[in-house]
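1. coords please:
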Amino acid sequence: MLTAADMQKRLLALEARVQGLEDRAAIEKLTRCYGYYLDKALWQEVLPLFTDDCRIEIGELGIYVGREGAERLYRGVLGEGPARGDERGLAPGLLFNHQLLQGVVDLDANADSASGRWRVFMQLAEFGKSAAWGEGVCNFSYRKQEGRWRICGLHFYRTFQTPFDESWITARSWVGGPHPIHAPDLPGSEHVESFPGAYVPPFHYRNPVTDR
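-> Next up, the predicted model:
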């Protein structure tokens, strides 16, 4: 027969489980919203999704730190480059789609932080001039502040990015490097060989069967 203490223990466990499910759903929505805002260069919607001390590393661009760094990256590097536009969004004639797929999200032990891994498929184009597609893995870190989840870390590992008409069959992937004007705050944390090279971005989670 269950005692009052047993019932209380079960109730607390159920409450924690429900809270964990709600947190995971909120994080997944946050990440998907980020992707949709990024598609249309809606920087006024993208930037509030990050914490004040965020760290963002995209490919070989280097690391951008904090809100000021995020602003320099999104409005400067991207917003003056492949995702040009204004406060209404992406300019006509440009395509900047980023599909975030296969999300794996895990809450950390303290339940106020979390980690996620997503696959990003990209379609990039300027009408009448160029078209490219690309793919990569994006590792996210999240933190809960004042009841809301935000992105505190983002690291995108590019698997490939090639012209649409050549594809990855014949074209080597674009590598890139630090922007000459909107420089990063720190150099990149690691060099990654895009296709035809091979690299496995680090996993934040253990194998669900072997526990390795």
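2. At which residues are the helices of this structure located?
-> 4-39, 43-46, 66-71, 167-170 (DSSP state H).
3. Quick one: list the elements packing against the first one.
-> With contacts defined as 3 or more CB pairs under 8 Å, 6 or more residues apart in numbering; DSSP states H and E, helix 4-39 has these neighbours: helix 43-46, strand 94-107, strand 113-126, strand 130-145, strand 148-163. Heads up, the C-betas are built off the backbone N, CA and C, glycines and all.
4. Please list all residues in contact with the residue nearest to residue 203 when sequence neighbours are not counted.
-> Nearest residue to residue 203 in three dimensions, chain neighbours excluded: residue 117, at 6.9 Å (CB to CB, 6 or more residues apart in numbering). Residue 117 sits next to 102, 103, 104, 137, 138, 139, 140, 201, 203, 204, 205 when contact means CB atoms under 8 Å, 6 or more residues apart in numbering.
5. do residue 95 as well
-> Residue 95 neighbours (CB under 8 Å, 6+ apart): 123, 124, 125, 126, 127, 131.
6. if we can go back for a sec, with distance to residue 210 as extra columns, can I get the helices of the chain in a markdown table?
-> Output for the helices of the chain, formatted as a markdown table (distance: least, CB to CB, whole Å):
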| stretch | distance to residue 210 |
| --- | --- |
| helix 4-39 | 23 |
| helix 43-46 | 37 |
| helix 66-71 | 37 |
| helix 167-170 | 31 |
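7. Which one of those lies nearest to residue 52?
-> helix 66-71 (5.4 Å; CB to CB).
8. which of the residues in that closest one are buried?
-> 66, 69, 70, 71 (16 or more other CB atoms under 10 Å).
9. What is the nearest of those to residue 20?
-> residue 70 (28.0 Å).
10. Tell me if I'm right that that closest one and residue 51 touch.
-> No: taking contacts as CB atoms under 8 Å, residue 70 lies outside contact range of residue 51: 9.5 Å.
11. which sections of the protein are below the confidence cut-off?
-> Within the chain, not a single segment meets pLDDT under 70.
12. that older thread, of the helices of the chain, give the one that comes closest to residue 111.
-> Nearest to residue 111, of all the helices of the chain, is helix 4-39, at 7.0 Å by CB to CB.
13. Show me which residues of the closest one are buried.
-> Applying 16+ other CB under 10 Å to helix 4-39 flags 23, 24, 26, 27, 28, 30, 31, 34, 35, 37, 38, 39 as buried.
14. Also stretch 138-149?
-> Those buried within stretch 138-149 under the rule 16+ other CB under 10 Å are 138, 139, 140, 141, 142, 143, 144, 149.
15. That'll do, ta.
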